[in-house]
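>>> how does the following fold in three dimensions:
(chains A and B)
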Amino acid sequence: MDALANNFQVLFQGLALGSIYALVALGFVLIIRATNVVNFAQGDFAMLGAYIMVAFLINAGLPYWLSFALAIVCMGVFGLLFNYGVYYPLRHRGFLPVIISTLGASIFLQNSVLALFGAQPKRLDNVVAGGLQIGAVFLDSQYLVILAVTMVMVAFQYFFFEHTMLGKKLQATSQDKDMARLLGIPVALMIAITFIYSSALGGLAGVLVGPVLFVSIGMGSIIALKAFAATIIGGFGDVKGAIVGGLFIGVIESFAAFYISVPYKDAYAFLMLFLVLVFRPQGFFGEKVSEKA
Amino acid sequence: MRVSILGAIATGALASLLAFGAAAESIRIGLVSEITGPNAEAGRYTINGARLAVEQINKKGGILGKQVELVIEDNQSTNPGTVLAFSKLGGNSDIPAMIGPIRSTQVQAASPAIQKAGIPVMIGGTDPSLTHVNNPWVFRCRPNDSFSSRVIADFGVKKLKLKKWAIVHSTDAFGSGGQKALTDALKALGVEPVLVQGYTNNSQDFTPVVLAIKKSGADVIGTYMTNSQDLGIFAKQLRQLGVTATWVGSPSIVTDTAMKLAGEALHGTYGIADFNPDANAAAKAYAAAYRAKYDNAEPDVYSSWAFDAMNVIAYAINAAKSTKPDDIRKAILGLKNWKGVEGNYNFDANGDGLRGYNIVKNEGGKIKYVEHISFDK
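Residues are numbered from 1 along each chain as shown, chains lettered A, B, ... in the order given. Purely as a prediction, here's the structure:
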């Protein structure tokens, strides 16, 4: 009985952290599909979103939902700036200069936030205080919110990409830019929209995770590393894969930490990454490279 | 170019003239601290503490009848900056003693420069090895880390009478060193920990750690945690999953940041601190004077140790009636139960002045002094 409760507790934590990885991984995937590059500042989008939330909610003293909306809007605007500042000038220069450019942006963001907010981590409170107590199992309210929001975002994203004209245009752009251009789709605008959406999504992940991991300069990098592994495990550039990969890593590391060893927790995610790369290099949902070529 | 060289020579000459002039009527004490860089805030407190001491010493007639003057040198919060600052001040023959940094790594880097300067330097770094490198000029005005684990074990086992220990520690140098020392200290008291659990810094989830504590049936938890985020997450999950064991932590548990992050989850926990305003009469007087001088700011360890360091120097020079480095050194080593704000100083041959900590309790978010545990013979 006790063992069952423990297992359930571990599973719950794993799924909750996994959905955070999934949210950040989704941002990775959308940008990979639109531009063919990995955005190494994706984790810092989460960090920045959380700090903007702190600025509105705590420093300016605005109500929760207003701060929340403002943080997401600010992150959207930031995504647009990021597109024109970091990606757009280098868009014809192949993928390496863009990757270096996103790395530079990541360092710039972390140090700017450090200069503005200082090194001390900040606290955000749960959206709803407390949590659910079921026998020996405790479900933290914030983790429940994270799970719920992730599910909503996945559903929203499915609907948006499959059932709206804008979504279809975005898909067409990510599949074949030249063809999309011939069909009259404004490719540069579509890519800008992708950055806006990914940035807002990253910011959302940061605001959600702030109450459980606290808001610190390094919070984004920790999440992004796992999210990146999730992206590869799921299938590079696959939306379903990002979600399944994120949840997979969250659950595996949670159980392995509980049953095997805590200090090696971070290693399990990368052990999984290694195994997947050896036995299924294209990831869970990825297509084989030979087919793509 | 020529003008600037001439200018530099002229300025240099002027500066040495001024220095000579000042030396005639005052005693100059060097202070190497963090004025710029990431630790500038802590450095400001250190200077505050030293300045308050200088003000009080001068009011009482100074050192050997001369007024004391602090010569402050910035180390930019870096190791190279510290070495440079020591080389600069060490070259001044009219500075008989110095106060050094509170960071162990900076003291370690500057150790050769201190040896070369050949004058007593008071330090605040707590890595035990700093005073064990055959450098006769280093004196520590804080308890070193080997005493923290003994104090935690002693308090938990003897005062709280708790015998089922779970140790939770970061796997970095500080955490694993602390874990070993705490395990040894407990064994010396005849207690074998029921659980020793490590974790890596920046763990996002402590559920497995908390469940392991639950399973072990521990009634007291001793921790060496490095990051305040980790401490906060652990504290929250510990209480959420219904663990009510007593918690005695290393100093990070009573830092302002950790207490802000974890809030209620840390209420009722014990921690150790080398400075507490209520620990003794000297500390009480110091806290009152500090608040009065610095707009009601709360004194903390960054200022208190520098206050003690400055007073130890003044006392030693007055006792030796000499500013010769060897005489001052002998006088420092000769101090017996000298009452500072951090406790009673008895410098051993290595230069370690303190062997105890204050136990404090987090009562509803306020730090309350419980008792002072010291291992003086």
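>>> could you say what helices and strands the host helix or strand of residue A:82 packs with?
In this assignment (DSSP states H and E), residue A:82 forms part of helix A:64-82. Judged by 3 or more CB pairs under 8 Å, 6 or more residues apart in numbering or on different chains; DSSP states H and E, the packing partners of helix A:64-82 are helix A:42-54, helix A:187-213. Yep, even glycine has a C-beta here, placed from its N, CA and C like the rest.
>>> single out the most deeply packed of these.
Comparing the helices and strands packed on helix A:64-82 by mean neighbour count (mean count of other CB atoms under 10 Å in any protein chain shown), helix A:42-54 comes out on top with a mean of 28.
>>> next, the angle from it to helix A:187-213.
Helix A:42-54 runs at 60 degrees relative to helix A:187-213, counting by axes from the mean of the first three to the mean of the last three CA atoms, to 10 degrees.
>>> packing partners for helix A:42-54?
helix A:2-35, helix A:64-82, helix A:95-117, helix A:187-213, helix A:219-234.
>>> dump those helices to CSV, plus distance to residue B:132 and mean pLDDT.
Output for the helices and strands packed on helix A:42-54, formatted as CSV (distance: least, CB to CB, whole Å; pLDDT from 0 to 100):
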stretch, distance to residue B:132, mean pLDDT
helix A:2-35, 43, 91
helix A:64-82, 51, 96
helix A:95-117, 35, 91
helix A:187-213, 39, 94
helix A:219-234, 36, 91
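>>> looking at those, which is nearest to residue A:158?
Proximity to residue A:158, assessed across the helices and strands packed on helix A:42-54 by CB to CB, is greatest for helix A:2-35 (11.3 Å).
>>> ok, now which ones touch the closest residue to residue B:299 other than its chain neighbours?
Using CB to CB, 6 or more residues apart in numbering or on different chains and skipping the chain neighbours, the partner closest in space to residue B:299 is residue B:290 (4.1 Å). The contact partners of residue B:290, by CB atoms under 8 Å, 6 or more residues apart in numbering or on different chains, come to B:48, B:49, B:52, B:297, B:299, B:303, B:307.
>>> and what about the fifth one, helix, strand or coil?
It refers to residue B:299. Three-state assignment for residue B:299 (DSSP: H, G, I helix; E, B strand; the rest coil): coil.
>>> residues near it, how many?
Neighbour count of residue B:299, defined by other CB atoms under 10 Å in any protein chain shown: 25.
>>> how far away is it from chain A?
19 Å (CB to the nearest CB, to the nearest Å).
>>> ok, now the fourth one?
Going from residue B:297 to chain A by CB to the nearest CB gives 17 Å.
>>> please apply the same query to the last one.
From residue B:307 across to chain A, the span is 24 Å (CB to the nearest CB).
>>> isn't that residue right up against residue B:286?
Yes: counting by CB atoms under 8 Å, residue B:286 is a contact partner of residue B:307 at 6.1 Å.
>>> does stretch B:40-60 reach chain A?
No: Stretch B:40-60 lies apart from chain A when judged by CB under 8 Å from any CB of the partner chain; the minimum separation is 8.6 Å.
>>> can you give me the buried ones in that stretch?
Under the neighbour-count criterion of 16 or more other CB atoms under 10 Å in any protein chain shown, stretch B:40-60 has B:42-54, B:56-58 buried.
>>> run through who's touching it.
Contacts to stretch B:40-60, defined as CB under 8 Å, 6+ apart, come from residues B:29, B:31, B:33-35, B:63, B:67-70, B:72, B:74, B:77, B:99, B:102, B:124, B:286, B:289-290, B:293-294, B:297, B:299-300, B:302-311, B:314.
>>> out of the helices and strands packed on helix A:42-54, the one nearest residue B:214 is which?
Residue B:214 sits nearest to helix A:2-35 of all those, at 8.3 Å, using CB to CB.
>>> buried residues in the closest one?
Neighbour counts over helix A:2-35 (16+ other CB under 10 Å) mark A:6, A:9-35 as buried.
>>> and for stretch B:28-37?
Buried, per 16+ other CB under 10 Å, within stretch B:28-37: B:28, B:29, B:30, B:31, B:32, B:33, B:34, B:35.
>>> quick check: the last one vs residue A:117, distance?
Between residue B:35 and residue A:117 the distance, using CB to CB, to the nearest Å, works out to 22 Å.
>>> so the spatially closest residue to residue B:199 that is not a sequence neighbour, which state does it fall into?
The shortest distance from residue B:199 to any non-neighbouring residue, by CB to CB, 6+ apart, is to residue A:262 (5.1 Å). Local secondary structure at residue A:262 is given as coil here, using three-state DSSP.
>>> what's stretch B:195-206 in contact with?
Identification of contacts with stretch B:195-206 by CB under 8 Å, 6+ apart yields A:13, A:17, A:212-213, A:218, A:222-223, A:254, A:257, A:262-263, A:265-266, B:165-172, B:175-176, B:179, B:183, B:209, B:212-213, B:216, B:218, B:226-227, B:229-230, B:233-234, B:237-238.
>>> what mean pLDDT does it have?
Stretch B:195-206 shows a mean pLDDT of 92.
>>> need the CA coordinates for it. PDB is fine.
Output of stretch B:195-206 as PDB, limited to C-alpha atoms (Å, rounded to 0.1, in the frame of the first residue of the first chain):
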ATOM      1  CA  LEU B 195      20.400   7.500   5.900                       C
ATOM      2  CA  VAL B 196      23.000   9.400   4.000                       C
ATOM      3  CA  GLN B 197      21.500  10.900   0.900                       C
ATOM      4  CA  GLY B 198      23.400  13.100  -1.700                       C
ATOM      5  CA  TYR B 199      21.900  15.100  -4.600                       C
ATOM      6  CA  THR B 200      23.400  17.300  -7.300                       C
ATOM      7  CA  ASN B 201      23.100  21.000  -7.200                       C
ATOM      8  CA  ASN B 202      20.100  22.400  -9.100                       C
ATOM      9  CA  SER B 203      17.900  19.400  -8.600                       C
ATOM     10  CA  GLN B 204      14.400  20.300  -9.700                       C
ATOM     11  CA  ASP B 205      12.700  17.600  -7.600                       C
ATOM     12  CA  PHE B 206      13.500  16.200  -4.200                       C
END
